[in-house]
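Colleague: The amino acid sequence is not available; the structure is as follows:
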């Protein structure tokens, strides 16, 4: 909770995005042991650390009273892109390999995280 106050919202959100991006590759290449799976899913839980900052970047810049509309529009646009990705992932899983499907998912996540780092705007929530 203190990290965004010290480093800003954007780096905390980017860390969450990076965890989302890395998770498919970490999962597919982790050893098939129960300890490894516990560690992989504990790592996956780090993505939730940035969730409040992520929400602040969505709602913060909105005009007063428009937070709900802005949040709804964000999730509509995001899901419009995300939902069809399941079909592509399923196709790759079935007709190519699970490793390729997860690697493509991770690559898209890394590109998205990079795009956010380059072009995402910081919202001075603590200024």
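Modeller: Sure thing, it's come through. Bear in mind that the values here come from a model prediction, so they are computed numbers and not experimental data.
Colleague: use CA for all of it now, contacts and neighbours both
Modeller: Noted.
Colleague: Low-confidence ranges, this protein, go.
Modeller: Regions of the chain meeting the criterion pLDDT under 70 cover residues 124-127.
Colleague: Check the secondary structure at residue 65 for me.
Modeller: Secondary structure for residue 65, judged by DSSP: H, G, I helix; E, B strand; the rest coil, is coil.
Colleague: What is the neighbour count of it?
Modeller: By the measure other CA atoms under 10 Å, the count of residues near residue 65 is 8.
Colleague: could you list every residue that touches it?
Modeller: Counting by CA atoms under 8 Å, 6 or more residues apart in numbering, residue 65 makes contact with nothing.
Colleague: Distance check, it against residue 92.
Modeller: Per CA to CA, to the nearest Å, residue 65 is found 43 Å from residue 92.
Colleague: Same question for residue 53.
Modeller: 33 Å.
Colleague: the more surrounded of these two?
Modeller: residue 53 (26 against 17).
Colleague: Run a quick neighbour tally on the closest residue to that one other than its chain neighbours.
Modeller: Spatial nearest neighbour of residue 53, excluding adjacent residues (CA to CA, 6 or more residues apart in numbering): residue 9 at 5.4 Å. Residues lying near residue 9 (other CA under 10 Å) number 24.
Colleague: Would you agree residue 9 is in contact with residue 120?
Modeller: No. Contact between residue 9 and residue 120 fails when scored by CA atoms under 8 Å: they sit 10.7 Å apart.
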